[in-house]
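Q: Sharing a sequence plus its predicted fold:
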Amino acid sequence: MQRKAYVSGAAALLAALLAGCTGGSPGGDTTDGSNPDDSGTATAAAEPGRYRTLPEPCGAVSDDTLDVLLPGIPQIADADQREKAYEGTATLTYDTDRKVGCRWKVESADATDHLFIDFERVVSYDNAVSDETQAEQLFADRRTEADLPVPTVTESDPAAPTITPSGSASATAIPSGTSAPSSSSSPSSPSATPSTTPTDLQPRVLDDLGDEAFLDDVLSSAGSTVQQRTVTVAFRTSNVIVTIQYEEQPATVGAVPDSKEMQDRARNLAAELADALAG
């Protein structure tokens, strides 16, 4: 009888131990020290940018486009030298998935032209900031550095003076009832340089290129009598920033590179690169 009572007591003790191990604590509290309130509160990492790689820069511009931007290339008689001019020179880089570029320099009978294109893939190292947001901030900084002028908006006024880019129109309004002077009495100055750059050619933000873009146009002196123009077009597509720098220095003393022509060429190249990135 004593042996039977001992066995029954041991069984009861074992049952109590098992109940203590498997039973939950009151209120559903866990016994492993974890905090259920922390579940699902981890911050999700920001989405990566659209682009993971960059194009080969020296092959990104077609030969036809280079012929327009660098008129000296078709003038090169030697086929090997002409082919080398088309190839350009890649800029030094240590990570072709992050930053690449290419340069061209070609002389022609009329001028020396320089072309530089740069691709930069922006990557954020902050889990809370996406690659695209980081690229937006970087592009905003570069736009600020360009120091673009504030656009001047003028209201239409029939009585206001009319000034044309050529400088040939009279800057003085003619009162009604008064005949305008004949053209023969006005001095002729077809080659006169405008005192101000037309509004549509001034450095400005572009709204028809990539996610955001701007254009800068600077005329500087490359010597005592030589003028050099530099047109820069920069645009952002998602987390990639593309910069185009197009320079021209005339061979003729006193000549000034045409602003509209250079801007049109640079913008056409930018559109071509943007389309290529869009795939």
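A: Looks like it came in fine. Nothing here was measured: the structure is a model prediction, and the numbers come from that model.
Q: ok, residue 253 to residue 273 distance?
A: Residue 253 is 34 Å from residue 273, where distance means Cβ to Cβ, to the nearest Å. Any C-beta I mention is one placed from the backbone N, CA and C, and that applies to glycine too.
Q: Tell me which of these two has more neighbours.
A: Neighbour count, other Cβ atoms under 10 Å: between residue 253 and residue 273, residue 273 has more, with 25 against 10.
Q: Next, count neighbours for residue 45.
A: 11.
Q: what's near enough to touch it?
A: For residue 45, the contacting residues are residue 127, by Cβ atoms under 8 Å, 6 or more residues apart in numbering.
Q: Quick check: phi and psi on it?
A: phi -70, psi 140 (degrees, to the nearest 10).
Q: I'd like to know how far it sits from residue 125.
A: Relative to residue 125, residue 45 is positioned 11 Å away (Cβ to Cβ).
Q: Check residue 104 too.
A: Distance check for residue 104 against residue 125: by Cβ to Cβ, it reads 34 Å.
Q: Which one of these two is surrounded by more residues?
A: Counted by other Cβ under 10 Å, residue 104 and residue 125 do not tie: residue 104 has more neighbours, with 22 against 7.
Q: Now do the buried residues in the one helix or strand the more buried one maps to.
A: Using DSSP states H and E, residue 104 sits within strand 99-107. Within strand 99-107, the residues scored as buried using 16 or more other Cβ atoms under 10 Å are 99, 100, 101, 102, 103, 104, 106, 107.
Q: what's across from the first one in the sheet?
A: The residues listed as beta-bridge partners of residue 99 by DSSP bridges are residue 120.
Q: and residue 205, which of the three is it?
A: strand (DSSP: H, G, I helix; E, B strand; the rest coil).
Q: what's it in contact with, if anything?
A: Applying Cβ under 8 Å, 6+ apart to residue 205 gives the contacts 143, 148, 212, 213, 214.
Q: Now do the contacts for the spatially closest residue to residue 51 that is not a sequence neighbour.
A: Distances taken as Cβ to Cβ, 6 or more residues apart in numbering place residue 240 nearest to residue 51, at 4.9 Å, with adjacent residues excluded. For residue 240, the contact set (Cβ under 8 Å, 6+ apart) comprises 49, 50, 51, 54, 119, 120, 121, 122, 135, 277.
Q: same deal with residue 230?
A: Neighbouring residues of residue 230 by Cβ under 8 Å, 6+ apart: 216, 217, 218, 220, 245, 246, 247.
Q: Surely the fourth one is in contact with residue 228?
A: Read it as residue 220. Yes: with contact defined as Cβ atoms under 8 Å, residue 220 reaches residue 228; the gap is 5.5 Å.
Q: Run through the helices of the stretch 1-150 of the chain in chain order.
A: Along the stretch 1-150 of the chain, counting by DSSP state H, counting those that start in this stretch, helices occupy 2-22, 63-69, 79-87, 131-146.
Q: before we move on, back to that, from the buried residues of strand 99-107, which two are the most distant?
A: 99 and 107 (28.4 Å; Cβ to Cβ).
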